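Visitor: with the input below, show me the fold.
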Amino acid sequence: MPPRNAVRWFLPFLITASLTAGCEVVDAGDPGSTGAPATGGTNSGSGSSKDAEAQLGKLTVVAKTGSMAGYSREKFPHWKSTGKNCDVRDSVLERDGTKVKKSGCNVVAGSWKSIYDDKTLTAPAQVDIDHMVPLANAWRSGADKWTTDQREGFANDLDRPQLVAVSAGSNRSKGDQDPSTWKPPAKDEWCAYATDWVTVKSYYKLTVTQKEKDALKDMLGTC
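Guide: Numbering: from 1, shown residues only. Okay, the predicted model is just below:
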């Protein structure tokens with residue numbers, strides 16, 4: 001069986017083909033078109049743990065996280081419409097689910113494995129779409145200086161490992177915490193979680209604290 005990350009990031013290509021007949025799928029892959037910060041970081045999918053280790057070493061380390069002054073979720077417009085009454089949430093539900101059923105573009109049934117806590121979810125209402133790097137964490141790590149368009153690209157990014165279907169309980173337990181204070185209860189996911197976190201922060205050139213970096217290094221050590 002291919003690695004979980006490889007499967008997750010192959011599926012968006014299949015989704016694009018299936019949705020284009022009725023929906024325009026958002027593409028956050030081109031920093032020039034989405035408003036995402038133009039960077040030299042990783043540009044696709046999830047990388048290997050070795051890639052993540054190298055990227056982690058290049059991230060800017062700050063003494064403490066930035067201020068929450070001025071933050072609101074509305075400054076990260078999310079669940080962008082992808083046409084025909086569907087949105088990015090539907091795209092992630094379809095990508096991460098099995099035996100998914102749709103009404104138009106809307107996902108109405110299926111099964112989802114919550115990678116954070118190994119729970120199986122059997123209804124879309126049980127599923128939260130988590131931002132791997134939380135919006136508030138991104139704000140404190142440099143996104144406060146972005147434009148609204150740039151933040152919208154970040155919040156709807158289907159090309160980096162930034163959006164993932166998980167249980168509502170695990171998503172709300174995580175909140176806006178970084179890996180120094182919250183890790184997935186499913187320890188066999190620590191490698192993939194750290195790899196995905198570093199991939200996102202590297203691409204968007206977001207900062208990390210020393211405690212965050214140390215926690216990520218420890219998690220990558222489980223790979």
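Visitor: in stretch 192-200, what counts as buried?
Guide: If you call a residue buried by 16 or more other Cβ atoms under 10 Å, then stretch 192-200 has these buried ones: A192, Y193, A194, T195, D196, W197, V198, T199, V200. Yep, even glycine has a C-beta here, placed from its N, CA and C like the rest.
Visitor: where along the protein do the strands fall?
Guide: Under the criterion DSSP state E, the chain contains strands at 61-62, 81-83, 86-87, 97-103, 106-114, 119-121, 127-131, 163-167, 208-209.
Visitor: just put the buried residues of stretch 192-200 in a markdown table and tack on pLDDT and distance to P124.
Guide: Output for these, formatted as a markdown table (pLDDT from 0 to 100; distance: Cβ to Cβ, whole Å):
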| residue | pLDDT | distance to P124 |
| --- | --- | --- |
| A192 | 96 | 23 |
| Y193 | 97 | 23 |
| A194 | 98 | 28 |
| T195 | 97 | 27 |
| D196 | 97 | 22 |
| W197 | 98 | 25 |
| V198 | 98 | 29 |
| T199 | 97 | 26 |
| V200 | 98 | 24 |
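Visitor: the residues you listed in helices, which ones?
Guide: A192, Y193, A194, T195, D196, W197, V198, T199, V200 (DSSP state H).
Visitor: so which residue is dead centre in the chain?
Guide: Residue closest to the average C-alpha location in the chain (Cα atoms, centre = their mean): Q162, at 1.4 Å.
Visitor: which residues touch that residue?
Guide: Residues near Q162 by Cβ atoms under 8 Å, 6 or more residues apart in numbering: H131, M132, V133, F154, D196, V200.
Visitor: now N137
Guide: The contact partners of N137, by Cβ under 8 Å, 6+ apart, come to T65, D176, Q177, D178.
Visitor: please state the offset of stretch 171-184 from the chain centre?
Guide: Distance of stretch 171-184 from its chain centroid, counting by Cα atoms, centre = their mean, to the nearest Å, is 13 Å.
Visitor: give me the buried positions along that stretch.
Guide: N171, K174, D176, D178, P179, S180, W182, K183, P184.
Visitor: and K201, how many neighbours?
Guide: Using other Cβ atoms under 10 Å, the number of residues around K201 comes to 29.
Visitor: could you check how far it is from T60?
Guide: Distance of K201 to T60, computed by Cβ to Cβ, to the nearest Å: 10 Å.
Visitor: overlap in contacts, these two.
Guide: Shared contacts of K201 and T60, counting by Cβ under 8 Å, 6+ apart, come down to T207, V208.
Visitor: so what's V166 up against?
Guide: So V166 contacts S114, I115, Y116, D117, V127, D128, I129, D130 (Cβ under 8 Å, 6+ apart).
Visitor: and the fourth one, what's its pLDDT?
Guide: Spelled out, it's D117. Listed pLDDT for D117 reads 96.
Visitor: tell me, how many residues neighbour it?
Guide: When neighbours are defined as other Cβ under 10 Å, D117 has 16 of them.
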